[in-house]
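>>> Return a 3D structure for these sequence lines:
(chains A and B)
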2 protein chains.
Amino acid sequence: MKYCSNCGSPDLTHQVPKGDNRPRIVCGNCAEIHYRNPKIVAGCLPVWEDKVLLCRRAIEPRAGYWNVPAGFLELGETVEEGAIREVWEEAEARVGPLSLHTVFTFTNYYHVYIQFIGELMDGQFGVGEESLESRLFGESEIPWDEIAFESSRFALRRYFEDKERGVMQVHIGSV
Amino acid sequence: MKYCSNCGSPDLTHQVPKGDNRPRIVCGNCAEIHYRNPKIVAGCLPVWEDKVLLCRRAIEPRAGYWNVPAGFLELGETVEEGAIREVWEEAEARVGPLSLHTVFTFTNYYHVYIQFIGELMDGQFGVGEESLESRLFGESEIPWDEIAFESSRFALRRYFEDKERGVMQVHIGSV
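Numbering: from 1, shown residues only, chains lettered A, B, ... in the order given. Predicted structure coming up:
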């Protein structure tokens, strides 16, 4: 933020407002306090038989790396709706009833991933505009060194562990 | 947003950027696209013996109403850290290990509540600056008509149902 979005002034400073305990961007002209908050990334790991569906990213960051379909939650969506939309946009796939699986915070990037598991409908999928490729992977085929984000590695590891134990759980993680 | 936070121009319009499918606030001067996203509210229902701890809000919105301790997640926090901080700020209480309990989206207000359950340490609590009062309530004592937000009603109803059945689960809701 270089200019105040309320009055257009460039007189912005970081200071702790009265009654607050953290520095915020405050406008010296109109006194507006500009809060910044973490963003939600909604996603879903589509599963089919003993495999999971991943997409290879066509866009930065981490273009060319494999990822669980996920993206920024939009205004007016529930987290489930966001996850379903992302699976369609990235993998041209539909998923059945969603089960919450992971909540993963990137403290340095200010992103909180809320990721579900859902069964791929009819095993059908395609390649969305933001993807280079989509593919079903069994556990032994996962390209661990080519996974885009730690949130996806976390979701995949927990998924296969849960499957091994026969109980899907909800997992909280962070980095 | 009345002025572009990138260049200070008042020339802002809602339009669908190329390659996008939703209207965004776009600056006619510098072409910056301003994205808006839902915010995360992190909270925790502190439990002690057969009761739960609620706080009566000192601040708007819904001042005077009872609520599960919760507030906006700050930059750099994990969701668990945010929930623990809010319990301290609102109820001057510490909670033991957290279990994820509800994820609740307010689609019209663009808020996603991520709420945990945690045992109150030593049954101790106080009254934080943003609260008028804190109190432990058994199920039959919950002031259902004076609960501040639907997210809290949802969390409380699910908590007592889960307790009745003897199994705490994770619940997804929205309004």
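>>> hey, where'd the helices end up in chain A?
In chain A, the helices defined using DSSP state H lie at A:79-91, A:150-165.
>>> Return the most buried member of the ones you listed.
Scoring those by mean neighbour count under mean count of other Cβ atoms under 10 Å in any protein chain shown gives helix A:79-91 as the most buried, with a mean of 23. Every residue, glycine included, has its C-beta placed from N, CA and C.
>>> Burial check on A:Met168, number of neighbours?
When counting by other Cβ atoms under 10 Å in any protein chain shown, one arrives at 14 neighbours for A:Met168.
>>> how close does the most centrally placed residue in chain A get to A:Ile84?
Centroid-nearest residue in chain A, with Cα atoms, centre = their mean: A:Val41, separated by 3.1 Å. Between A:Val41 and A:Ile84 the distance is 14 Å, computed by Cβ to Cβ, to the nearest Å.
>>> picking that back up, which non-adjacent residue is nearest the residue nearest to the centre of chain A?
Excluding its sequence neighbours, the residue lying closest to A:Val41 (Cβ to Cβ, 6 or more residues apart in numbering or on different chains) is A:Tyr113, at 4.6 Å.
>>> Quick check: the one you found touching A:Gly43?
Yes: between A:Tyr113 and A:Gly43 there is a contact under Cβ atoms under 8 Å: 6.2 Å.
>>> Any idea how many residues pack against the residue nearest to A:Val41?
The local packing of A:Tyr113 (other Cβ under 10 Å) involves 24 other residues.
>>> one step back: may I see the helices of chain A organised as TSV, with mean pLDDT and distance to A:Pro17 added?
Output for those, formatted as TSV (pLDDT from 0 to 100; distance: least, Cβ to Cβ, whole Å):
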stretch	mean pLDDT	distance to A:Pro17
helix A:79-91	97	30
helix A:150-165	97	32
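>>> quick one, which of the ones you listed is nearest to A:Phe104?
For A:Phe104, the closest of these is helix A:150-165, at 4.4 Å, according to Cβ to Cβ.
>>> Give me the helices and strands touching the closest one, please.
strand A:39-48, strand A:51-57, strand A:99-106, strand A:111-119, strand A:171-174 (3 or more Cβ pairs under 8 Å, 6 or more residues apart in numbering or on different chains; DSSP states H and E).
>>> So which of those is nearest A:Trp66?
A:Trp66 lies closest to strand A:51-57 among those, at 4.5 Å (Cβ to Cβ).
>>> Run the angle between the closest one and strand A:39-48 for me.
130 degrees (axes from the mean of the first three to the mean of the last three Cα atoms, to 10 degrees).
>>> Direction included, what does strand A:51-57 pair against?
Sheet pairing of strand A:51-57 (DSSP bridges) gives strand A:39-48 (antiparallel), strand A:66-67 (antiparallel), strand A:131-137 (antiparallel).
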